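Undergrad: Sharing a sequence plus its predicted fold:
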Amino acid sequence: MKTSELNQPNAVRCCGRCKRVLPLEEFYVNSRTQRPDPYCKDCRRTMNRERHRAKSQESKSRRRSPVITQVADRDERLRLIRQALATVEEHHRRRLARLREQEEDLYPF
Ligand SMILES: [Zn+2]
């Protein structure tokens, strides 16, 4: 679309999403390129909302620790398994050390 078309009072444009033919006022104009958006304002709003929702969902799920069996990458999965095993081992080691200390306190001889 040429810039001159924007000045036409009855110019219409077909939305690339909902396929409705709408007047140019129903489209946002890209401030950088001065070209009308390929999607109408309604669709753009819907798309922004969906993208925002997807993003916040994404960051929410990222906050949880990953489910190891659902990690697609094999090396990453192995790394996570090793990490988890190391954590468990460390936990047991500390617990054992604590129990031994308690035992020594109870039975000093
Ligand atoms: Zn649309």
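TA: Cool, the structure landed.
Undergrad: From now on I want contacts and neighbour counts done on CA atoms only, so please keep to that.
TA: OK.
Undergrad: Would you mark the buried spots in whichever strand or helix holds E76?
TA: Using DSSP states H and E, E76 maps to helix 74-106. Across helix 74-106, burial judged by 16 or more other CA atoms under 10 Å covers 77, 80.
Undergrad: can you give me the mean pLDDT across it?
TA: What helix 74-106 shows for mean pLDDT is 91.
Undergrad: Quick check: residues of the chain near the ion?
TA: 15, 17-18, 40, 43 (CA under 5 Å from the ion).
Undergrad: how about a markdown table for those residues, with neighbour count and pLDDT added?
TA: Listed next are those as a markdown table, based on neighbours: other CA atoms under 10 Å; pLDDT from 0 to 100:
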| residue | neighbour count | pLDDT |
| --- | --- | --- |
| C15 | 20 | 97 |
| R17 | 13 | 96 |
| C18 | 11 | 97 |
| C40 | 26 | 97 |
| C43 | 16 | 97 |
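Undergrad: How far away from the center of its chain is the strand ranked longest in the chain?
TA: For the chain, the longest strand by residue count, based on DSSP state E, is strand 36-40. Put simply, strand 36-40 sits 25 Å off its chain's centre (CA atoms, centre = their mean, to the nearest Å).
Undergrad: Quick one: name whatever helix or strand follows that strand.
TA: helix 41-63.
Undergrad: Please spell out which residues along that following helix are buried.
TA: 41, 43-44.
Undergrad: Give me the contact list for that helix.
TA: 17-18, 26-28 (CA atoms under 8 Å, 6 or more residues apart in numbering).
Undergrad: again, 10 Å this time
TA: Residues from elsewhere that reach helix 41-63 (CA atoms under 10 Å, 6 or more residues apart in numbering): 15-18, 25-29, 37-40.
Undergrad: ok, which pair from the residues you listed is furthest apart?
TA: C18 and V29 (17.7 Å; CA to CA).
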